[in-house]
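Enquirer: return atomic coordinates for the entry below.
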Amino acid sequence: MPALWISHVTVTDQASYSKYAELAGPAIHKHGGKFLARGARYAQLEGKERPRNVVARFDSFEQAYDCYHSQDYQEALEFAKNASERELLIVEIEE
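Expert: Just a heads-up that it's a prediction; the model follows:
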């Protein structure tokens, strides 16, 4: 089943986070991810507000999981760790 990678982010260091985004996008694409939303308009209805929200679609849960744990994504993630507060989850899509 396809899966969504959903991330909610508050950027605390724009320069470092920009480097993360520069590297993460290609890593996600390389592993079959397709962005559906990146920093678009949103309405926070419940929970902690994070002003940057990203949704990417993968062909499977495993593909999304493997992308996160890939060397190229982990290298990108090093730039986000001290430059943001974030939550990231993978959820299967029922079709």
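Enquirer: contact partners for the closest residue to residue 94 other than its chain neighbours?
Expert: Of all residues not flanking residue 94 in the chain, residue 1 sits nearest, at 7.1 Å (C-beta to C-beta, 6 or more residues apart in numbering). (C-beta placed from N, C-alpha, C; glycine too.) Taking C-beta atoms under 8 Å, 6 or more residues apart in numbering as the criterion, residue 1 is in contact with 60-61, 92-95.
Enquirer: report the buried members of the residues you listed.
Expert: Among the contacts of residue 1, those classed as buried by 16 or more other C-beta atoms under 10 Å are residue 61.
Enquirer: can I get the contacts of residue 1 in a markdown table including secondary structure?
Expert: Listed next are the contacts of residue 1 as a markdown table, based on DSSP: H, G, I helix; E, B strand; the rest coil:
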| residue | secondary structure |
| --- | --- |
| 60 | coil |
| 61 | helix |
| 92 | strand |
| 93 | coil |
| 94 | coil |
| 95 | coil |
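Enquirer: with that, I have no additional questions.
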